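Visitor: I would like the atomic coordinates for the input below:
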Amino acid sequence: MLVSRSEFLSRGAKGGAALLVAGPVAAGLAGSAAADPLSTSDLAYARLLVGAELLAADFYGQAIAAGTAGPGVTRHLVRAHANEQEHYASVAGILSGAGFTPAVASDIDFSYPRGTFATEKAMVELGQRLETVVMGAYLGAIGGMQTGAFKQGLAQIAASEAQHLSYLWTRNGGNAFNTAFPPALTIDQASAAMDAFTS
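Guide: Just a heads-up that it's a prediction; the model follows:
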């Protein structure tokens, strides 16, 4: 059964497989979650970030499968896809470490505007929009999560998302960087922005 973004944030997704968490950041996030119960707000942020990573991985996976990007862009799509899968394992570890089942790709039905994967230009443009939301979600979570032990790992992921965004900006003809303080999104803002990518 597929769930909407708002349903996903308001309750734990049912029926997803528990994840094995790999890597030092992931292990730290899972260990921190296991040490103390998650607050309601930390649980909401963790669910939001799991959804953001599922969305990003789905986007990059479909972009790669479309085969419409040139070799240079495709290399970056493949690397970003791998990054998103690693990020997912880390943030899913917050939930699984606290005894919750994180959502998996089959729990959410993602959708994109018509023509998104038809050309390299369309993919890069939507990718820039999507990465802006994902990075904003992480920045908001860093400021909003109560468990301090999560913040370093989330900041590392936000830095990776900023690299993805910078690359996409330059592919769209923009500057590699253009603001000293990228905007952080609240849970509601990030969730609303992500709603545009679900059926």
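Visitor: now the helices for this protein?
Guide: 5-10, 24-35, 40-66, 71-97, 120-144, 151-171, 187-195 (DSSP state H).
Visitor: dump these into a markdown table; add distance to Pro113 and mean neighbour count as well.
Guide: Glycine gets a C-beta too; all of them are placed from N, C-alpha and C. Below are these laid out as a markdown table (distance: least, CB to CB, whole Å; neighbours: other CB atoms under 10 Å):
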| stretch | distance to Pro113 | mean neighbour count |
| --- | --- | --- |
| helix 5-10 | 17 | 17 |
| helix 24-35 | 32 | 19 |
| helix 40-66 | 12 | 22 |
| helix 71-97 | 18 | 21 |
| helix 120-144 | 7 | 21 |
| helix 151-171 | 16 | 19 |
| helix 187-195 | 14 | 18 |
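Visitor: so which of those is nearest Ser106?
Guide: helix 40-66 (9.7 Å; CB to CB).
Visitor: how big is the angle separating the closest one from helix 120-144?
Guide: 160 degrees (axes from the mean of the first three to the mean of the last three CA atoms, to 10 degrees).
Visitor: show the average pLDDT along helix 40-66.
Guide: If you average the pLDDT over helix 40-66, you get 97.
Visitor: adding distance to Ala180, write the helices of the chain out as a markdown table.
Guide: As requested, those are arranged in a markdown table below (distance: least, CB to CB, whole Å):
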| stretch | distance to Ala180 |
| --- | --- |
| helix 5-10 | 30 |
| helix 24-35 | 26 |
| helix 40-66 | 23 |
| helix 71-97 | 24 |
| helix 120-144 | 13 |
| helix 151-171 | 12 |
| helix 187-195 | 20 |
